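**Q** sequence first, then the predicted structure, then my questions.
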Amino acid sequence: MAMARVKRAVWLDCDPGHDDAIAIILAAHSDNIDLLGISTVYGNEEVSKVTLNALKVLRTCGRDDIDVVAGQAKPLIRPRRACPEIHGETGLNGTSLPEPMKGPLRGKAVNVMYERISRRFQSPSEEGGNRRIALVCTASLTNIALLITVYPEMQDMIEGIQTLILSVVFTLRDRRQR
């Protein structure tokens with residue numbers, strides 16, 4: 001008898017332009033990922049536009065069940081820089097995606113992320129697997145920096161932070177695993 005595959009719990013933090021739209025589609029349809037939610041952050045465009053983009057992509061791929069929350073609108077230290085010459089004024093220029101069926105969740109992204117991730121972490125694992133969450137970040141790490149600063153106990157709930165930028169993958173592993 002084959003054992004059931006345990007899905008990896010993932011929270012995706014992104015700034016949906018064309019590249020992150022692909023990341024959302026892949027994560028939303030992966031047999032190996034339980035996508036707990038998506039937070040957006042300034043980057044390819046302003047946060048209101050990339051949040052709408054995330055919702056449109058989820059609508060397009062039939063995953064309206066995945067919630068999106070708008071995150072930080074600007075960096076913590078430096079001024080925000082937009083690059084409309086790359087992804088256009090919407091962040092997804094050149095696409096004609098349907099309007100979303102629902103809006104983003106209300107509230108501060110760090111609070112929503114904490115609530116969702118801690119609820120998942122504290123729930124009994126049906127498969128006996130790891131309850132820790134992987135954070136996958138395809139944009140600036142502002143939301144993640146705030147999350148860990150405001151809720152330092154998150155460090156115990158996070159399996160790792162994977163940052164995907166310009167097709168390069170950096171993985172920050174838990175020091176206790178070494």
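**A** The structure has been received and is ready for your questions.
**Q** counting neighbours, what do you get for residue 71?
**A** 29 (other Cβ atoms under 10 Å). (Glycine included, C-beta is placed from N, CA and C.)
**Q** ramachandran coordinates for it?
**A** Here is the backbone geometry of residue 71 (degrees, to the nearest 10): phi -100, psi -150.
**Q** next one: residue 50
**A** According to degrees, to the nearest 10, residue 50 has phi -70, psi -30.
**Q** surely it is in contact with residue 39?
**A** No. Residue 50 lies out of contact with residue 39 (Cβ atoms under 8 Å); the separation is 10.4 Å.
**Q** overlap of the contact sets of these two?
**A** Contact criterion Cβ atoms under 8 Å, 6 or more residues apart in numbering; residues shared by residue 50 and residue 39: residue 14.
**Q** flag the shaky bits of this protein, pLDDT-wise.
**A** Applying pLDDT under 70 to the chain flags residues 1-4, 124-130, 164-178.
**Q** hey, where'd the helices end up in it?
**A** Along the chain, the segments classed as helices by DSSP state H run 18-29, 47-60, 84-87, 109-122, 142-150.
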